[in-house]
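# here is a sequence together with a model predicted from it:
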Amino acid sequence: MALTLSTSAFSANGDIPAQYTCQGEDVSPPIQWEGLPAGTQSLALIVDDPDAPDPKAPEITWVHWVLYNLPITTTELAEAISTLSAGTLEGKNDWKRTGFGGPCPPIGRHRYFFKLFALDALLPDLGKPSKVELEKAMSGHILERVEIIGTYEKTKR
């Protein structure tokens, strides 16, 4: 069985509901996975937006969430999760804080990539790493990766 990632909040390439964004409750959507490859020792999750600030002229990839060392017994992250599984560590998003920061695009419809990595190692405590620092630590340890993409554009108020 291949590694799969899903959410009941939106379909692949579908609209992310406003409740998970800065125009709503700004909470994390529920995420589920299954099919970890043999040898998996930990998981990592990165949520980012490669379309910032403008999808017509992207300049940066904005990071929304960084988690690592999720135990292999964990199969989901609940909606609006506030307590992570024991052992799970967090990195900093581009708001320079830990936790989920929902979509809040300044202009246009952006894509949000929820990427799950199955790793062959438990990573050392990296403090509160950036996405780049986590990716460097994961290098050579990725057994499999899977992603689901959602989109969001602010509504005019």
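All right, it came through fine.
# okay, CA-based contacts and neighbour counts for the rest of this
Noted.
# any idea how many residues pack against Thr21?
Using other CA atoms under 10 Å, the number of residues around Thr21 comes to 22.
# ok, now which ones touch it?
Val27, Gly101, Gly102, Pro103, Cys104 (CA atoms under 8 Å, 6 or more residues apart in numbering).
# right, and the fourth one touches Pro17 too?
Okay, so that is Pro103. No - the criterion here is CA atoms under 8 Å, and Pro103 misses it with Pro17 at 10.0 Å.
# more neighbours: those two, which one.
A direct count of neighbours by other CA under 10 Å for Pro103 and Pro17 places Pro103 higher, at 29 against 16.
# separation between the residue nearest to Gln19 when sequence neighbours are not counted and Ser42?
Excluding its sequence neighbours, the residue lying closest to Gln19 (CA to CA, 6 or more residues apart in numbering) is Glu25, at 4.9 Å. Per CA to CA, to the nearest Å, Glu25 is found 30 Å from Ser42.
# let's check: the centremost residue of this structure is which one?
Val47 (2.7 Å; CA atoms, centre = their mean).
# which other residues reach the helix or strand hosting that one?
Val47 is part of strand 42-52 when elements are defined by DSSP states H and E. With CA under 8 Å, 6+ apart as the test, strand 42-52 has contacts from 57-72, 105, 110-123, 131.
# list only buried entries from those.
Buried by 16 or more other CA atoms under 10 Å: 62-71, 105, 110-123, 131, out of the contacts of strand 42-52.
# what's the host helix or strand of Leu143 in contact with?
Leu143 belongs to strand 142-152 when elements are defined using DSSP H and E. Contacts with strand 142-152, where a contact means CA under 8 Å, 6+ apart, come from 3-6, 10-17, 37, 40, 103, 105, 109-120.
# that one: how far from the chain's middle?
Relative to its chain's centre, strand 142-152 lies at 8 Å (CA atoms, centre = their mean, to the nearest Å).
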